[in-house]
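In: Coordinates only, no sequence provided:
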C-alpha cells in the first residue's frame, strides 16, 4: 500500500532504536546500564510526592474533560508568575500556551513559522531539529560545533547562514551535551539576530529564535541565560519552550508550555487545537497548584539536582580516571541537564572476535555487548557517524549502577586492538 512521501521518507529515532534493543536484551536477562534515553527511572528519580498526590486529587475531583486549547487559566497564571520570579520575564496570559510536553510545542513552532523551503539553522549536535525540518519541509542547516566551545554554537559560526533564514533553533542547557551558553556567547548571537532583522524589509519574514530551555532549572554551577533577558528587543522574535518534564523528573506527566509573541502563540494554539495535543486537565490542575508553592518546588529541586549532579560527577570522574590511565577517552564537565558528553575514540579498532569498529554506532554496540553499557552516539543528533563523541543520560541509572559500569568499560576497551 502506498503512503505519502513524508511518511515514506521518515527516519526513525536512533535513540529509541538503541533503547529498544537494550530493553529487549534486558528482557532476556542481560544486566545493562542504560544511559540512552533522556528519561527517568521512577524508582530512582520519582516525581515530587505532593505533585503525585495533587494529580490523584484532581482526577478524583472530576477533572477528566477537555481543557481549554491554550491551557487552563490557573496554570497560565502560574506560568506568568514563574517567568517573572525565576527569569525576570514579563509575559501576559495570551502569550502562553500549554501542551502535552515540549514536543508538540516545538512542532507547532515549526508549523507556525515555516513554509516549505524556508531555512532553519540549528547546531549539531542538537535534539531532533533535523526531524522537525523534515516534517515541516524546511531546509535545515546544521552548524557543526566543537568541544572547544562546549559544543555550543557561536555567533561567528551562525552569522554566515542568517541571511534569509526564518528560524534559529537553540537550546540551553543543551540536549545532548549538558553544556550551556555563557552570557557573552548568547549576547553575541542575540546581536547578530537583531542586526539581521534590522536589515529585512517590512514584507519579509523576520528571523525568529526558538529557545528550548526545558532544562533551565536543572543547572549546577553556571547561571542560565536567555535571549529576551539579555536583549529585550528580541521579545517579538523569540518563542520559548519549557515545562516540567525534566526539572520535576516528570517526563510522563506531559505538561509543557511555550511563551512568546501573541500572534505566533495564537497560531500555535490553533494548530495544536486541531491536533489535540493538550496536557491532561488533571495534570494541569495539579501543576498549577504545585508550582505556586515556591518553597516546595525549591526543596525538591535542591535534592533532585544534588542527586543528578552526583551521578554526572561520578561518570565524569570515572572517565577522567580512564583517560589518566591511557584510554582514548574524555568527558566535558557537566553544567546542567541530565547528560554527560563522552569521547570514546576507538573507531577503527578491532574487537577480540576480529570485527572492525567502522563508526560510532559500532563502538556503541560493542560496549553494549562487552561492557553492558549503552550510550548514544552524536550521529543520532545530526553529526557524522565518524565522530567519536557520545551522550550519556543518567536518568535511568542509579549512582551504584554507574560505579559498577566503569570497570566494565575499562575491561571492554582494553580488549580492542
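Out: Here it is on my side, so go on. Just so it is clear, the structure is predicted and the values come from calculations on it, not from any experiment. Numbering: from 1, shown residues only.

In: which stretches of the stretch 201-350 of the chain form strands?
Out: Along the stretch 201-350 of the chain, counting by DSSP state E, counting those that start in this stretch, strands occupy 208-212, 238-243, 256-259, 329-332, 339-344.

In: Save these as CSV, and put in distance to residue 317, mean pLDDT and mean neighbour count too.
Out: Backbone N, C-alpha and C define where each C-beta goes, glycine included. Listed next are the strands of the stretch 201-350 of the chain as CSV, based on distance: least, C-beta to C-beta, whole Å; pLDDT from 0 to 100; neighbours: other C-beta atoms under 10 Å:
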stretch, distance to residue 317, mean pLDDT, mean neighbour count
strand 208-212, 29, 99, 24
strand 238-243, 31, 98, 25
strand 256-259, 33, 98, 26
strand 329-332, 9, 98, 20
strand 339-344, 11, 98, 25
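
In: Would you reformat those as TSV and include distance to residue 168?
Out: Below are these laid out as TSV (distance: least, C-beta to C-beta, whole Å):
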stretch	distance to residue 168
strand 208-212	5
strand 238-243	10
strand 256-259	16
strand 329-332	23
strand 339-344	22
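
In: Tell me which of those strands lies nearest to residue 37.
Out: strand 339-344 (11.2 Å; C-beta to C-beta).

In: and residue 48, how far is that from residue 244?
Out: 10 Å (C-beta to C-beta, to the nearest Å).

In: Repeat that for residue 221.
Out: Distance of residue 221 to residue 244, computed by C-beta to C-beta: 23 Å.

In: Check residue 185 too.
Out: 27 Å.

In: and these two? which has more neighbours close in?
Out: Between residue 185 and residue 244, residue 244 has the larger neighbour count (other C-beta atoms under 10 Å), namely 28 against 18.

In: Am I right that residue 341 is in contact with residue 177?
Out: Yes - here residue 341 lies in contact with residue 177, judged by C-beta atoms under 8 Å, at a distance of 4.6 Å.

In: what sits in contact with each of the two?
Out: Common neighbours of residue 341 and residue 177 (criterion: C-beta atoms under 8 Å, 6 or more residues apart in numbering): 151, 332, 391.

In: Distance-wise, check the nearest residue to the last one once chain neighbours are set aside relative to residue 382.
Out: Translated: residue 391. Using C-beta to C-beta, 6 or more residues apart in numbering and skipping residues adjacent in sequence, the residue nearest residue 391 is residue 176, 3.6 Å away. Distance, residue 176 to residue 382, using C-beta to C-beta: 10 Å.

In: Mutual contacts of those two, please.
Out: Listed contacts common to residue 176 and residue 382 are 125-126; contacts here mean C-beta under 8 Å, 6+ apart.

In: Neighbour count: these two, which is higher?
Out: residue 176 (29 against 22).
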